[in-house]
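Asks: Starting from these lines, generate the structure:
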Amino acid sequence: MGNVTQTPTRPAEAGSAGSAASAAPSGRNLEGHRWVSRPSEANTPEALKERLIGCVRSWRDYPPSLRLWFWLIPVLTAALGGVLRFVRLDTPRNLVFDETYYVKDGYSFLISGYERAWPEKANDSFIAGNPGVLLDSPEYVVHPPVGKWMIAAGMWLFGPDNPFGWRFGAALTGTLSILLLALIAQKLFRSLTLGAVAGLLLAVDGHHLVMSRTSLLDIFLMFWVLAAFGALLMDRDDGRRRLAERLGRQAAASADGRPSPLQLASGPWLGIRWWRLAAGVCLGLAVGTKWSGLFFLAGFGLMTVFWDLSARRIAGIHGWISGGILKDGIPAFLSIVPVAALTYAASWTGWFRSQDAYFRHWAETNPSADWGWLPNAVRSLAHYHLEAYKFHQGLSSDHPYEASAWSWLVLGRPTSFFYESPKPGSPGCGTGSCTMAILSVGNPLIWWSAAICLGILLFWWAGRRDWRAGAVLAGVAAGYLPWFMYPERTMFYFYAVSFEPYLVLALVYCLGLVLGKRTDPPWRRRSGLYLVTLFVVTAVVVSAFFYPVWAAETIPYQDWRFRMWMPSWI
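Replies: Predicted structure coming up:
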């Protein structure tokens, strides 16, 4: 009985054994299903793929009339997000919030490949279009290079003397992340509608919008983590497809149409997993942007191994735990961790190639009896990392906009990136008192609803064993929970952008529950569609209301105060 499947794999044929089982009541949508299959039928490649992946396995499995929409919907949502992010991208012309560090670092990378120091009042020269005042001495910084290289790419394309060039990299990255999320949602939920909703909600959310319009590092961290998540989703299907094909071939080669007990002891090795290697590169780039990417590396690594263990169990492999660890877990580690480490090391190429970057020659003046066998450049870089780690551990200075991680989901203390009071009569200010501000606060309807949805997903994952809910929760947990380990550290709400896409996926998951299943009665589907449409339209209206304080539009002071819904937002 170990090789008998209870999962419907194919329609029952007239007169075949089990046809009586297919004569189920019409109200339960069981017609045509065979709930018990012969071992020879249950172990064919197609039957295994049906159990492991389902009937829709890629965009090519959609009807021809829908294939265009599979790509067009994500492109349209990204285009909308791009308009919101690129229009007036050069406003304000100031270096806002931490742009004062990362934009100038990006220019330094463009010139020399590493961070150099700046003189006093360098911001004034930089804003005036004269960035060439940087000094020859190196500057000590505590974040890796990848995000600053991406900022530098925008300045290389459009010049370092204008805000559009400073922020182009962030705006393009934010726009591409909308495209990615829409594609991921389509694959995760197998619904064009929910893919469109996911892309649209991320496109209009204020927190993601602000981070896409300012050159801070977190938007780049979010993008590479999301790309890794998408690559692992592709790997999940690819690995299960390989498992079905190889196990099916073994079954076909046997006399009784089933794999031998030895073959089912641990299952086949699945070969090189190219999507998993791609995820390793993306995670290396994420860590190369900010070290908090390490938590995603660990969380996603465990997630993909658990997916493989589950696949072997569903396929009927007896030693699915030991076999999965040996044939999936160890290869997963080798495919992700060393690849990420090499990618991370490569991101320091500019530092290695330099002669006077910070700590570049530290090892030459600090010999070591224990570690002297390492190349001096490697020891110097290791010392650099140790000093940066000490800095992060001791970062506990007060800041007016610091926000505990407990407050992030409820928008307790968003970060004010920019605030200015234009003079009466200046462009856009026709009243006695005006305001021009950038407040990195999310759309309250999206964020507060998503926070509630996390509890629902926890139930569906633990109670219903829905792997999709578990995957979304893994993304939130990897980006959110680690911050609770450092309660004394100075933290800011905008760090939450790293896991914001998974909050949107959690919300879309619940909207999918409201929308209902394809097998539901028409009135149920229609009612669900009305409710989902009402929610999305309301979210768009709320975003339109808050847009002036996200994009630094000049508005009357009273209009600004009207948008400050909580005293802690001021």
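Asks: For Leu439, grab phi and psi.
Replies: Note on Leu439: backbone dihedrals following degrees, to the nearest 10 are phi -120, psi 120.
Asks: which residue packs closest to it, ignoring adjacent ones?
Replies: Leaving aside its chain neighbours, Leu439 sits nearest to Val549 (4.8 Å; criterion: CB to CB, 6 or more residues apart in numbering). To be clear about C-beta, it is placed using only N, CA and C from the backbone, and glycine gets the same treatment.
Asks: residues contacting Glu115?
Replies: Going by CB atoms under 8 Å, 6 or more residues apart in numbering, Glu115 touches 105, 108-109, 138-141, 148, 357-358.
Asks: same thing but at 7 Å, please
Replies: By CB atoms under 7 Å, 6 or more residues apart in numbering, the residues touching Glu115 are 105, 108, 138-139, 141.
Asks: Keep only those of the residues you listed that are in helices.
Replies: Among the contacts of Glu115, the members found in helices (DSSP state H) are 105, 108.
Asks: I'd assumed Phe296 was in contact with Leu283.
Replies: Yes. Using CB atoms under 7 Å, Leu283 is in contact with Phe296, at 6.4 Å.
Asks: residues shared between the contacts of the two?
Replies: With CB under 7 Å, 6+ apart as the test, Leu283 and Phe296 both reach Ala228.
Asks: Quick check: the gap between Leu409 and Val472.
Replies: Using CB to CB, to the nearest Å, Leu409 is found at 14 Å from Val472.
Asks: higher neighbour count, the two?
Replies: Val472 (28 against 19; other CB atoms under 10 Å).
Asks: Local confidence estimate at Trp8?
Replies: No, residue 8 isn't Trp; it's Pro. On pLDDT, Pro8 comes in at 36.
Asks: follow-up on the earlier one: which two in the contacts of Glu115 are spaced the farthest apart?
Replies: Greatest spacing in the contacts of Glu115, by CB to CB: Asp105 and Pro138 (11.5 Å).
Asks: Between the two, tell me which one has more neighbours.
Replies: A count of neighbours by other CB under 10 Å puts Asp105 above the other of Asp105 and Pro138, at 26 against 20.
Asks: Quick check, that one in contact with Lys148.
Replies: Yes. In this structure, Asp105 is within contact of Lys148 by CB under 7 Å, at 4.6 Å.
Asks: Can you name the residues that contact Leu511?
Replies: Leu511 neighbours (CB under 7 Å, 6+ apart): 194, 197, 532, 535.
Asks: Closest one of the residues you listed to Ile336?
Replies: Nearest member of the contacts of Leu511 to Ile336, counting by CB to CB, is Leu194, at 28.2 Å.
Asks: Other residues contacting the strand or helix carrying the closest one?
Replies: According to DSSP states H and E, Leu194 maps onto helix 192-204. Defining contact as CB under 7 Å, 6+ apart, one finds that helix 192-204 is touched by 66, 69-70, 73-74, 77-78, 80-81, 84, 178, 181-182, 185-186, 208, 443, 446, 501, 504-505, 507-508, 511-512, 515, 532, 536, 539-540, 543.
Asks: What pLDDT is listed against Ala23?
Replies: You'll see Ala23 listed with a pLDDT of 37.
Asks: How many residues are close by Gly463?
Replies: Neighbour count of Gly463, defined by other CB under 10 Å: 9.
Asks: and the angle for the longest helix anywhere in the chain with helix 192-204?
Replies: Secondary structure of the chain read by DSSP H shows that its longest helix is helix 218-252. Helix 218-252 and helix 192-204 are oriented at 160 degrees to each other (axes from the mean of the first three to the mean of the last three CA atoms, to 10 degrees).
Asks: Give me the helices and strands touching whichever helix or strand comes after helix 218-252, please.
Replies: For helix 218-252, the succeeding helix or strand toward the C-terminus, using DSSP H and E, is helix 263-266. Helix 263-266 is packed against helix 320-324, with contacts defined by 3 or more CB pairs under 7 Å, 6 or more residues apart in numbering; DSSP states H and E.
Asks: mean confidence score for the helix it packs on?
Replies: The predicted model gives helix 320-324 an average pLDDT of 91.
Asks: how far off helix 218-252 does the next helix or strand after it point, in degrees?
Replies: Note on helix 320-324: by DSSP H and E, the next helix or strand toward the C-terminus is helix 330-346. Helix 330-346 and helix 218-252 meet at an angle of 150 degrees, taking the same axes, to 10 degrees as the criterion.
Asks: Could you list the buried residues of helix 330-346?
Replies: Neighbour-count burial for helix 330-346 flags 331-332, 335-337, 339-340, 343-344 (criterion: 16 or more other CB atoms under 10 Å).
Asks: what does stretch 437-449 give?
Replies: So, applying 16+ other CB under 10 Å, buried residues of stretch 437-449: 437-447, 449.
Asks: do stretch 549-568 as well
Replies: So, applying 16+ other CB under 10 Å, buried residues of stretch 549-568: 549-555, 560, 563.
Asks: helix, strand or coil for Gln417?
Replies: Small correction: residue 417 is Phe, not Gln. Three-state assignment for Phe417 (DSSP: H, G, I helix; E, B strand; the rest coil): strand.
Asks: For it, give me the pLDDT.
Replies: pLDDT, Phe417: 96.
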